[in-house]
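>>> Got a predicted structure here, sequence first:
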Amino acid sequence: IQRRVMANVGQPARLQVLSEAFDPTLNRYLPPTSNWSPNLFFTIEAACRNHITNDACAHLSSFCDDTTGTGTWVQQCCRSTCSKCTLARGLCTLPPTFSMSAKSEL
């Protein structure tokens, strides 16, 4: 796959190729891992999402360095906040929540 980094330059919008590389992995969602060293004014990094809200992860960020108990769960569920994008997405286990469609007997 040939990849290009493009930027909008001038009006009307015109795209200009800033860098290009051939990536043998065929993974279009991550930057090339080899044969590419662009001389750009920004960096390109792989990103990931938190499994819970960003606000909740911000409050839990003090646990990111803890490697036991709560810290492990926070790292798994707040991957972006804790800079742990290398952890698998499926590691975050959330407790079951109340279903609004569930019928309760009173």
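Received, thanks. Numbers count the residues shown, from 1 in each chain.

>>> Please count neighbours and contacts with C-alpha atoms only from this point.
OK.

>>> Can you show me the helices along this structure?
Taking DSSP state H to define them, one finds helices in the chain at 54-60, 70-77.

>>> need the ones you listed in JSON lines with mean neighbour count and mean pLDDT, can you?
Output for the helices of the chain, formatted as JSON lines (neighbours: other Cα atoms under 10 Å; pLDDT from 0 to 100):
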{"stretch": "helix 54-60", "mean neighbour count": "14", "mean pLDDT": "95"}
{"stretch": "helix 70-77", "mean neighbour count": "21", "mean pLDDT": "92"}
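
>>> Let's have the ones you listed in TSV, adding distance to residue 95.
Formatted as TSV, the helices of the chain follow (distance: least, Cα to Cα, whole Å):
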stretch	distance to residue 95
helix 54-60	15
helix 70-77	12
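
>>> right, so of those, which gets closest to residue 26?
Minimum separation from residue 26 across those (Cα to Cα) falls at helix 70-77, 26.8 Å.

>>> quick one: contacts for residue 72?
64, 66 (Cα atoms under 8 Å, 6 or more residues apart in numbering).

>>> Can you report how many residues lie near residue 39?
When neighbours are defined as other Cα atoms under 10 Å, residue 39 has 9 of them.

>>> same check, this time on residue 18
Neighbour count for residue 18, taken as other Cα under 10 Å: 12.

>>> From here on, call the first residue 12.
Understood, numbering begins at 12; the last thing we discussed is residue 29.

>>> mind checking how far it is from residue 77?
Between residue 29 and residue 77 the computed distance is 41 Å (Cα to Cα, to the nearest Å).

>>> Give the bridge partners for residue 30, please.
Per DSSP bridges, the residues bridged to residue 30 are residue 16.
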